[in-house]
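> Return a 3D structure for these sequence lines:
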Amino acid sequence: MTEELRGLLRESAEGHLPDRARMLARVERGTARPGTAGRSRDRGRTRTGTRIRTLSWPRIVFATLATAGTLTASALTVVTVVHAPDPPRNPTATAPSAAGRTAPPTEGGRAEDGPLWADGSVDPHSNAYWAQSNVTLKAREPLSALVVELRIALTEGVKDTGGWRTRPAADFDLSTREEGGFLVYRWTLKPGRTVPPGEHVFAGQYDHATGGRDATDDTYRIDATAGAAGSGAAVWGGFA
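Next comes the predicted model:
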């Protein structure tokens, strides 16, 4: 609704607002005039003498007030329409944000699934300044797809110093990053490569604050496609 149309409606509404005080004063003056009652009685008769019903002044007052109330309500309705806010023309819908990858489930751990078996351990050669976390995988069938993820909690002083695996480096893509309070190592088998049955180790190496480091919050997860049927399998666990 434009401002010009609002202005026209507002002026129209104000013009219909009755002056209640003026109307009451006019009624009082009419009832106070001398001879009014007589003239009213005379006007109450027709030429044939038939009496016409006339309204007494209290009824006139009540009728006037009722009319004023009706006009006031109508005017207020118009004013309300004038001041009602316009609805938004182009409401913007809020699209839900994309969910990020959740941390792998580790509660209770699952060390074996189909042809896969796995275990997490802190390498015995770790010391007071540096550590290595090993994920040992045993496969009973060839793997045509494999993702190994190692998550090291970012306790004091944790900093990546490298990673390795017992399989050829050319067979895997390795990514290392900090994410959600963890140092994350991820080995992904390249398309067209396979992992033969047997035992394989994937290790992440990192510095840490001087002294013993608590590995309770560290986790791992392995997802693989195994066998000629291409069935999926997943195992996970911790280092506590």
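> contacts for the helix or strand hosting residue 187?
Secondary structure from DSSP states H and E places residue 187 in strand 182-189. Strand 182-189 has contacts (C-beta atoms under 8 Å, 6 or more residues apart in numbering) with 103, 143, 145-154, 158-160, 163, 165, 171-178, 195, 202, 204, 206. For every residue, glycine as well, the C-beta is placed using N, CA and C.
> Can you give me the domain boundaries for this structure?
Per automatic domain parsing, the domain ranges recorded for the chain read 3-83, 112-238.
> which of these has the lowest average pLDDT?
Per-stretch mean pLDDT for these is lowest at domain 3-83 (a mean of 47).
> ok, which stretches of this structure are strands?
112-113, 116-122, 130-139, 143-153, 159-165, 172-179, 182-189, 198-207, 219-226, 231-238 (DSSP state E).
> Which one, of those strands, ends up nearest to residue 213?
Between residue 213 and the strands of the chain, the shortest gap by C-beta to C-beta is with strand 130-139, which sits at 5.9 Å.
> Paired strands for that closest one, with orientation please.
Here strand 130-139 has these sheet partners by DSSP bridges: strand 116-122 (antiparallel), strand 198-207 (antiparallel).
> Can I get the longest one in CSV? Just the C-alpha atoms.
Provided in CSV are the C-alpha atoms of strand 198-207 (Å, rounded to 0.1, in the frame of the first residue of the first chain):
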residue,chain,number,x,y,z
GLY,A,198,47.3,-60.1,5.0
GLU,A,199,48.4,-57.7,7.8
HIS,A,200,49.0,-54.0,7.0
VAL,A,201,50.0,-51.1,9.3
PHE,A,202,49.2,-47.4,9.0
ALA,A,203,50.9,-45.0,11.4
GLY,A,204,50.8,-41.4,12.3
GLN,A,205,53.7,-39.6,14.0
TYR,A,206,53.6,-36.4,16.1
ASP,A,207,55.3,-34.4,18.8
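> Okay, angle between it and strand 182-189 too, please.
Angle of strand 198-207 versus strand 182-189, following axes from the mean of the first three to the mean of the last three C-alpha atoms, to 10 degrees, is 150 degrees.
> Need the residues that contact strand 198-207.
Contacting residues not belonging to strand 198-207 are listed as 123, 129-139, 148, 150, 152, 157-167, 176, 183, 185, 187 [C-beta under 8 Å, 6+ apart].
> rerun that using 6 Å as the cut-off
130, 132-138, 148, 150, 152, 158-167, 185, 187 (C-beta atoms under 6 Å, 6 or more residues apart in numbering).
> What residues sit buried inside that strand?
Neighbour-count burial for strand 198-207 flags 200, 202, 203, 204, 205, 206 (criterion: 16 or more other C-beta atoms under 10 Å).
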